[in-house]
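Asks: Below are the sequence and a predicted model; questions follow.
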Amino acid sequence: MAEKVTFWFDTTCPFCWVTSRWIKEVEQVRDIEIQWVPMSLAVLNDGRDLPADYQARMKAAWGPARVFAAVATNNPEKLGELYTATGTRIHNDGRGAVDGSYNEVISEALAEVGLDASLVEVADSTEWDDALRAFHQSAMDEVGNDVGTPVVKFGDTAFFGPVLTRIPRGEEAGEIFDASVKLASYPHFFEIKRSRTESPEFN
């Protein structure tokens, strides 16, 4: 029987991207079923007193998160594919927000996966904000509020993370997954953490 994994993501987060590519590697070597769910660093940080540069990043992050909320509602089967198409452009190709917007990247990703190009208009609308907040809250309900992205649920237990800076490949990816599932199965395990000493890499 496939191991169920629920993966809450913000497409703009580089650490989340590394963890998501790990899960895609795991998919090749373990029998898992992934449910992708949008969450949002913009929602998480809404109303907080942030440095100006981070505020600008959060403002830009609203756009893709809104689009993912719409897709998660109407075309959930396309969510993982769209995340890959968008995240590859943002992280692997180094395409950040242009004039505070990811709309060019979103438009290209929508076309790549065969979704309606007009969905890019959602990025500049508040139409899907309530849905986005609800998706985000579903992650917070699992792990509490003092976390970021990703949130990953192994079976019945969710955690913030794992936070990775490299993408495990092949059987190593599977072994790390096995260990994560084992930790998640112990009801009294809550947290492992150390300070990061390097930035994420995506190769």
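Replies: Good, I have the coordinates.
Asks: Buried residues of the longest helix anywhere in the chain, list them for me.
Replies: Ordering each helix of the chain by length in residues (DSSP state H) puts helix 52-74 first. For helix 52-74, burial by neighbour count (16 or more other C-beta atoms under 10 Å) applies to 57-58, 60-72. The way it works is simple: take the backbone N, C-alpha and C, and place the C-beta from them, glycine included.
Asks: so which of those comes closest to Gly170?
Replies: Checking the buried residues of helix 52-74 against Gly170 with C-beta to C-beta, the nearest one is Phe68 at 28.8 Å.
Asks: Quote the end-to-end distance of stretch 192-203.
Replies: 25 Å (C-alpha to C-alpha, to the nearest Å).
Asks: List the buried residues in it.
Replies: By neighbour count with 16+ other C-beta under 10 Å, stretch 192-203 contains the buried residues 200, 202.
Asks: and what of stretch 127-140?
Replies: Neighbour count says stretch 127-140 has 128-129, 131-133, 135-136, 138-140 buried, by 16+ other C-beta under 10 Å.
Asks: now stretch 109-125
Replies: The neighbour-count check on stretch 109-125 (16+ other C-beta under 10 Å) flags 109-110, 113, 115, 119-120, 122-123 as buried.
Asks: all helices of this protein, in order?
Replies: Under DSSP H, the chain gives helices at 14-29, 41-44, 52-74, 79-87, 103-113, 129-143, 170-185.
Asks: okay if I get these as CSV plus distance to Met1 and mean pLDDT?
Replies: Output for the helices of the chain, formatted as CSV (distance: least, C-beta to C-beta, whole Å; pLDDT from 0 to 100):
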stretch, distance to Met1, mean pLDDT
helix 14-29, 15, 98
helix 41-44, 33, 91
helix 52-74, 25, 93
helix 79-87, 20, 98
helix 103-113, 29, 97
helix 129-143, 22, 96
helix 170-185, 13, 96
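Asks: wait, which of those helices is closest to Phe160?
Replies: Closest to Phe160 of the helices of the chain, according to C-beta to C-beta: helix 129-143, at 5.5 Å.
Asks: so the closest one versus helix 52-74, what angle?
Replies: Interaxial angle, helix 129-143 versus helix 52-74 (axes from the mean of the first three to the mean of the last three C-alpha atoms, to 10 degrees): 100 degrees.
Asks: elements contacting helix 129-143?
Replies: Applying 3 or more C-beta pairs under 8 Å, 6 or more residues apart in numbering; DSSP states H and E, we find helix 129-143 packed against strand 3-9, strand 32-38, helix 41-44, helix 52-74, strand 151-154, strand 157-160.
Asks: For the closest residue to Ala173 other than its chain neighbours, which residues are in contact?
Replies: Leaving aside its sequence neighbours, Ala173 sits nearest to Glu25 (C-beta to C-beta, 6 or more residues apart in numbering; 3.8 Å). By C-beta atoms under 8 Å, 6 or more residues apart in numbering, the contact set of Glu25 is 167-170, 173-174.
Asks: Understood, closing this out.
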